[in-house]
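> no sequence on hand, only this structure:
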């Protein structure tokens, strides 16, 4: 995935990171990949994602939500729209984003996602991305708390 890869989970933080990544892709004239990861457990023996038939529906929902958000942001930023690819998969979000960063020029994540620990400055996925991604990482701060 050359160009910019941005993680998307539907949270306000990922909405802001998507907007930032799209503007950056537009400025650099590079493609943008929006990656939504439906979280699932991993097998302790094989480290393969454990998926069930219902997970495919969740992946489809994640893909649809990411596509709708990408279309909305693209229509708002104006100018020449970068080439945008939306992908959705099942897996462990941090691992999948780090893996996607192997061929990316830049990985963009929100400072935290939709997890339940709202007081944290950085979530677990952004922390893992910063420490393990093989490419530069930008962490975009989310909206100010209300």
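Okay, I see it. Keep in mind that what you see is a predicted model, and the values were worked out from it rather than measured.
> and for residue 81, nearest residue in space, chain neighbours not counted?
residue 74 (5.1 Å; C-beta to C-beta, 6 or more residues apart in numbering). In short, each C-beta sits where N, CA and C put it, glycine included.
> near the one you found, how many other residues are there?
Look at residue 74: counted by other C-beta atoms under 10 Å, it has 18 neighbours.
> ditto for residue 70
Neighbour tally, residue 70, other C-beta under 10 Å: 22.
> mind picking out the helix or strand in this structure with the poorest mean pLDDT?
helix 124-132 (a mean of 90; mean pLDDT, DSSP states H and E).
> helices and strands around that one, which ones?
helix 93-100, strand 106-110, strand 137-140 (3 or more C-beta pairs under 8 Å, 6 or more residues apart in numbering; DSSP states H and E).
> how about the helices in the chain?
Under the criterion DSSP state H, the chain contains helices at 12-28, 53-77, 93-100, 124-132.
> and the angle for the last one with helix 12-28?
Orientation of helix 124-132 against helix 12-28 (axes from the mean of the first three to the mean of the last three C-alpha atoms, to 10 degrees) gives an angle of 40 degrees.
> relative to strand 106-110, how tilted is helix 124-132?
150 degrees.
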